[in-house]
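K.L.:
okay, predicted coordinates and the sequence, questions at the end:
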Amino acid sequence: MRRAWLFMATVAVFLFISASTALGTVDQSRDSVHHAVKVGHDTNICGDLATFTFDVTSHTHVLDNGNAFLFDDHESFQYTLVFDDPALGTWTAHGAENFHFVANHGGETFQNTFNSKEGPIQIIQHAVFHVDADGNVRVDRTFEKIGDC
């Protein structure tokens, strides 16, 4: 589910940028966020309801020169989970995630790496997706390792 959402979001960004960029111009942007705090209520990797408080630092780079589009995003984060069930207590967590997307006349490449340690649970997720200029999928590989809940 997560991989499908990421792929659809990346394709949507590419289509939007491609439709709005004139050949020969170069658009480039960089953005950094340091210690952005976000709070939300959701289920954790084990399916337990909790309130998450994230502290995120990220760096994003987008480049479109009319012939190629590049999107890179790197973020590191720390967070706490306060479970709805008091018997589960509170967990601390940390992790990193990297997105890399390139589209040019030769095709498209998407890579995502997510590594986290949530309480006692190790979470590792990697995805690589390559499509050639004719729309043929050349690489579609995922790896996921999640510790025991």
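P.N.:
Looks like it came in fine. Residues are numbered from 1 along each chain as shown.
K.L.:
tell me which stretches of this protein form helices.
P.N.:
2-20 (DSSP state H).
K.L.:
low-confidence stretches in this structure?
P.N.:
1-24 (pLDDT under 70).
K.L.:
tell me which residue lies farthest from the centre of it.
P.N.:
Distance to the chain centre peaks in the chain at A87, reaching 31.5 Å (criterion: Cα atoms, centre = their mean).
K.L.:
ok, that one to S76 distance?
P.N.:
30 Å (Cβ to Cβ, to the nearest Å). From N, CA and C alone the C-beta is placed, and that goes for glycine too.
K.L.:
middle-most residue in the protein, spatially?
P.N.:
Mean-position check on the chain, Cα atoms, centre = their mean. Result F99 at 5.2 Å.
K.L.:
isn't that one up against H126?
P.N.:
No: F99 is not in contact with H126 according to Cβ atoms under 8 Å; the separation is 11.8 Å.
K.L.:
what segments of this protein are strands?
P.N.:
Ranges of strands in the chain, per DSSP state E, are 27-43, 49-64, 68-83, 90-104, 107-118, 121-132, 137-146.
K.L.:
quickly list what D42 is bridged to.
P.N.:
A50 (DSSP bridges).
K.L.:
which ones are touching it?
P.N.:
By Cβ atoms under 8 Å, 6 or more residues apart in numbering, the contact list for D42 reads 49-50, 52.
K.L.:
let's see if you can find the most crowded of these.
P.N.:
A50 (22 neighbours; other Cβ atoms under 10 Å).
K.L.:
so how far is G107 from Q125?
P.N.:
Applying Cβ to Cβ to Q125 and G107 gives a distance of 23 Å.
K.L.:
follow-up on the earlier one: any idea how far G47 is from the nearest residue to the residue nearest to the centre of the chain once chain neighbours are set aside?
P.N.:
Nearest non-adjacent residue to F99, counting by Cβ to Cβ, 6 or more residues apart in numbering: D73, 4.4 Å away. D73 sits 27 Å away from G47 when distances are taken as Cβ to Cβ.
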